[in-house]
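Enquirer: Below are the sequence and a predicted model for it; my questions follow.
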Amino acid sequence: MQLHDLTPAAGSTKARKRVGRGDGSGRGNTSGRGSNGQKSRAGGGKGAGFEGGQNPLAMRLPKLPGFKNRNRLEFAPVNVGRLDAVFADGDIVDKESLIAKRIIKKSTNLVKVLGDGELSRALTVRVDKVSESAVSKIEAAGGKVEDPC
């Protein structure tokens, strides 16, 4: 047996319907689509999810509940415990130093220092925002918080 001798099993394949080849073929005239109307035309019929002109379910239901504020500011959070582990006594903490130490990824991020963890070093913090608990911990350790906070 060779490759050119292979054939499908008997009865496993059907000839395709050749529509629109004359009335004598049994599939002429309207080609099995019935009479007039949208579904008889080429490309006719409604799409999946069409509800007769009513607003479809996929559009009626929102993807997520609630409201998304377009003007929301996203802050990259940094805890004082992380600052204590990475920075030395007397260092200045700003965006550039945080990027250099790989704590945040890019300079376009806004940075907020949060008060989780302990701080034992006197640091000067110059970031976009600092929480009240972080301010109290930084000042208790002998550091200071400067603008642009």
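Expert: Now that the structure is in, tell me what you want to look at. Residues are numbered from 1 along each chain as shown.

Enquirer: tell me the average confidence for stretch 42-54?
Expert: Confidence over stretch 42-54 (mean pLDDT, whole number) is 90.

Enquirer: go on, stretch 75-86?
Expert: Confidence over stretch 75-86, taken as the mean pLDDT, stands at 94.

Enquirer: got the end-to-end distance for it?
Expert: 20 Å (Cα to Cα, to the nearest Å).

Enquirer: Same check on stretch 29-41?
Expert: End-to-end distance of stretch 29-41 (Cα to Cα): 13 Å.

Enquirer: Kindly report the same for stretch 17-37.
Expert: Across its full length, stretch 17-37 reaches 22 Å between end residues, using Cα to Cα.

Enquirer: how about the strands of this protein, start to end?
Expert: 75-79, 92-93, 110-114, 124-125, 129-130, 144-145 (DSSP state E).

Enquirer: quick one, which of those strands is nearest to residue 12?
Expert: With Cβ to Cβ as the measure, strand 75-79 is the member of these nearest residue 12 (62.1 Å). Where C-beta positions appear, they are placed from N, C-alpha and C, glycine not excepted.

Enquirer: Next, the angle from that closest one to strand 110-114.
Expert: Taking axes from the mean of the first three to the mean of the last three Cα atoms, to 10 degrees, one finds strand 75-79 and strand 110-114 inclined to each other by 30 degrees.

Enquirer: Quick one: the strands of the chain as CSV, columns for mean neighbour count and distance to residue 16 too.
Expert: Below are these laid out as CSV (neighbours: other Cβ atoms under 10 Å; distance: least, Cβ to Cβ, whole Å):
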stretch, mean neighbour count, distance to residue 16
strand 75-79, 17, 61
strand 92-93, 20, 73
strand 110-114, 20, 63
strand 124-125, 20, 75
strand 129-130, 19, 68
strand 144-145, 15, 78
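
Enquirer: any chance of those in a markdown table, plus distance to residue 27?
Expert: Listed next are the strands of the chain as a markdown table, based on distance: least, Cβ to Cβ, whole Å:
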| stretch | distance to residue 27 |
| --- | --- |
| strand 75-79 | 66 |
| strand 92-93 | 79 |
| strand 110-114 | 68 |
| strand 124-125 | 80 |
| strand 129-130 | 73 |
| strand 144-145 | 83 |
